[in-house]
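**Q** Sequence first, predicted model second:
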Amino acid sequence: MKALRGSERGAVLLIVAGSMVLLLAIAAFVLDLAGLRADRALSTTVSDQAATAGSLELWNGDGQAACQTALAYIDLNMPGGPFTGANCGALPSSCGPATAAASTSATSGQWTATITYPVPNGHPLLDPAAIGATTQAIHTEDGERCERLGVQIDGIRQFFFANVIGAASGDTEVHAVARATPSDSADMVLNLLILERYDCDAISAAGGGAADGGIVTDAIWNPVDMAFDPGWIAVDSDGSSGVGRSANGVLDIDGTNGLIRADGPANCPGEINTPGSGDGCGEIRVLADGQPYPGCNQPACTSSALDSPAPLPEQLPRRVTRSPVDYRYNCKPGGYSFDPGYDINPCTKTPPTPPYIDQLVAAYGVAGTVPAGFESWTSLGHPCTVPPAANININNKDVYIDCHPRLGINGAVRITGGDVIVRSSINIQSGATLEFNKPAMGIPHIPRIFYMRDGELGKAGSANLYLYKTTVYMSETSELDLGGGTGELVWQAPNDPAYRFDDLALWSEGTSEHKFAGQAVLDLSGVFFVPRGTVAYAGQGNQLQISAQFISKKLKSTGQGLLIVAPEFDHSVLFPELLDIQLIR
């Protein structure tokens with residue numbers, strides 16, 4: 001019996017020893033498996049975000065730029081040092097329906113990252129990356145091959161504990177595919193949009209003296225998400241032509257204190273100057289790419305602009321164009337006829353709105369006619385040179401100002417309760433006043449039209465011009481010259497959502513400079529649309545903030561005045577986000 005008990009004790013020891021080895025092996029495998037799971041989680045997150053970041057470059061099918069951006073993101077967020085060996089030049093720089101998929105890989109330690117573009121239907125990257133997942137059918141939301149960028153990250157983990165059971169390593173393989181498409185939703189405000197498509201000096205600032213002179217876009221309160229959006233400057237020019245291209249860029253800053261800057265919300269990351277100011281946290285985007293590398297280099301901008309505080313310009317993914325303005329105020333399903341090279345697609349709004357601008361031109365723009373219901377200035381007994389002591393008031397009448405070559409105002413002219421059509425120029429002399437559509441107590445304030453058939457709408461520096469709830473239309477032969485000084489300029493757009501020209505302060509077909517300047521009072525609100533001309537701001541020492549959105553062919557600023565442009569979200573033309581990015585696999 002003693003021998004039997006001894007043999008039982010030996011068997012128990014063998015069982016316990018074997019169990020401990022098995023338990024240790026399981027524990028070792030669990031520990032290494034946990035590391036493998038952590039690798040998969042990390043590479044899943046990074047591949048998703050790298051595909052998303054790279055897709056931002058796919059506005060024109062440039063797989064090379066998308067590859068560089070995706071790899072830069074991977075290099076920044078994966079451990080192990082720089083990723084090397086990739087050749088993004090192997091991917092297509094443009095894409096079409098027949099463009100074949102191309103890939104390039106980079107490695108760093110245990111990791112291999114592979115970028116693929118385009119991603120055609122049937123490509124393995126379009127199968128789900130989940131373990132055990134099978135194929136997935138293509139559906140409409142997946143888009144087309146040229147809209148898709150694929151990122152795959154493979155990892156090999158050398159096991160430390162699991163070697164005791166003969167498991168030397170484990171591998172992970174994850175992938176992601178992101179789709180980039182133009183957005184159909186209009187939900188952002190551009191403070192400044194410059195429509196010039198080819199020339200340098202599309203936007204310029206020439207400051208001088210001891211004070212800053214130039215343009216700043218400020219953050220905009222967005223009532224939809226209840227937060228401040230960054231100020232935006234967007235320039236459609238590729239910098240491919242124009243006088244001075246050898247020396248200037250699309251953005252050109254000259255002078256001692258010239259300044260072009262976009263600001264963001266207070267306490268934004270990377271703000272410059274005063275803490276809490278939001279300085280430099282906005283967006284400046286230019287279609288031209290800075291050569292030889294992105295940033296403030298020709299043709300995007302001149303080297304002197306490096307003296308301007310951040311942000312340096314980034315590249316637009318595509319031209320913004322004037323289309324949102326036309327679609328809102330002059331919807332034409334049959335198409336548009338613009339200057340060569342400035343085409344936009346026909347308006348396809350559902351339901352379509354009328355071409356309001358065309359209707360206005362047909363009603364008010366025919367030279368030599370007086371529309372029904374209008375009374376001429378001279379038939380009302382008023383002179384074409386208003387003397388200094390005069391005080392002319394016209395109430396509840398539509399007025400055709402038939403003076404030629406101009407109506408000169410040296411006194412005060414006030415017109416309320418009707419529209420105005422101007423045959424030729426209006427000049428408001430020093431100390432004089434033109435007041436249009438001023439609100440009256442107890443009377444509904446109705447939006448009005450101020451229509452310039454020809455000539456200049458101008459005022460001297462100490463003159464006053466008031467345009468309340470007014471849309472000004474200026475013909476191709478009209479121009480604006482609103483001198484600065486001790487006078488006042490108040491120009492407020494209509495703000496009635498049911499009105500056809502709601503938020504539109506100025507629609508000009510003029511090709512000349514449209515001049516604004518610093519005033520004792522400068523109150524501009526609404527949309528100022530000058531698609532064929534230059535908006536020129538001149539200031540001397542005043543720092544002024546205006547609630548206007550400027551959309552013009554070019555823009556320039558001179559002098560020591562700093563103009564801060566901060567349109568209101570609810571009183572601007574909204575633009576679509578540059579791209580919609582969707583993670584589809």
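**A** Sure, I can see it. Numbers count the residues shown, from 1 in each chain.

**Q** The lengthiest strand in the chain packs against which elements?
**A** For the chain, the longest strand by residue count, based on DSSP state E, is strand 521-539. Counting contacts by 3 or more C-beta pairs under 8 Å, 6 or more residues apart in numbering; DSSP states H and E, strand 521-539 packs against helix 323-329, strand 488-492, strand 504-508, strand 513-517, strand 543-559, strand 562-565. Where C-beta positions appear, they are placed from N, C-alpha and C, glycine not excepted.

**Q** what lines up beside the following helix or strand past the last one in the sheet?
**A** So the one you mean is strand 562-565. Per DSSP states H and E, the first helix or strand lying C-terminal to strand 562-565 is strand 574-576. Strand 574-576 has the following strand partners under DSSP bridges: strand 186-189 (antiparallel).

**Q** tell me the mean pLDDT for the next helix or strand after the strand it pairs with?
**A** Where DSSP H and E defines the elements, the next helix or strand beyond strand 186-189 is strand 192-194. Strand 192-194 shows a mean pLDDT of 97.

**Q** Next SSE downstream of the worst-scoring helix or strand of the chain on mean pLDDT?
**A** Across the helices and strands of the chain, mean pLDDT, DSSP states H and E gives its lowest value to helix 2-55, namely a mean of 68. Sequence order places helix 63-77 as the next helix or strand after helix 2-55, per DSSP H and E.

**Q** Now do that following helix: which elements does it pack against?
**A** Short answer (3+ C-beta pairs under 8 Å, 6+ apart): helix 63-77 packs on helix 2-55, strand 102-108, strand 111-117, strand 148-158.

**Q** Next, Ile415: secondary structure please.
**A** Put simply, Ile415 is strand when judged by DSSP: H, G, I helix; E, B strand; the rest coil.

**Q** which residues does it bridge with?
**A** Beta-bridge pairing for Ile415 (DSSP bridges): Ile394, Phe436.

**Q** Pull the contacting residues for it.
**A** 393-394, 397, 399, 435-437 (C-beta atoms under 8 Å, 6 or more residues apart in numbering).

**Q** want to throw the residues you listed into JSON lines with pLDDT?
**A** Listed next are the contacts of Ile415 as JSON lines, based on pLDDT from 0 to 100:
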{"residue": "Asn393", "pLDDT": "97"}
{"residue": "Ile394", "pLDDT": "97"}
{"residue": "Lys397", "pLDDT": "97"}
{"residue": "Val399", "pLDDT": "98"}
{"residue": "Glu435", "pLDDT": "98"}
{"residue": "Phe436", "pLDDT": "98"}
{"residue": "Asn437", "pLDDT": "97"}
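
**Q** Most neighbours among those residues, which one?
**A** Compared across the contacts of Ile415, Asn437 has the highest neighbour count, 25 neighbours, by other C-beta atoms under 10 Å.

**Q** Hmm, that residue is touching Tyr468, no?
**A** Yes - with contacts counted by C-beta atoms under 8 Å, Asn437 reaches Tyr468, the gap being 4.7 Å.

**Q** Can you classify Tyr248 by secondary structure?
**A** You called it Tyr, but residue 248 is Asn. Following three-state DSSP, Asn248 is assigned to coil.
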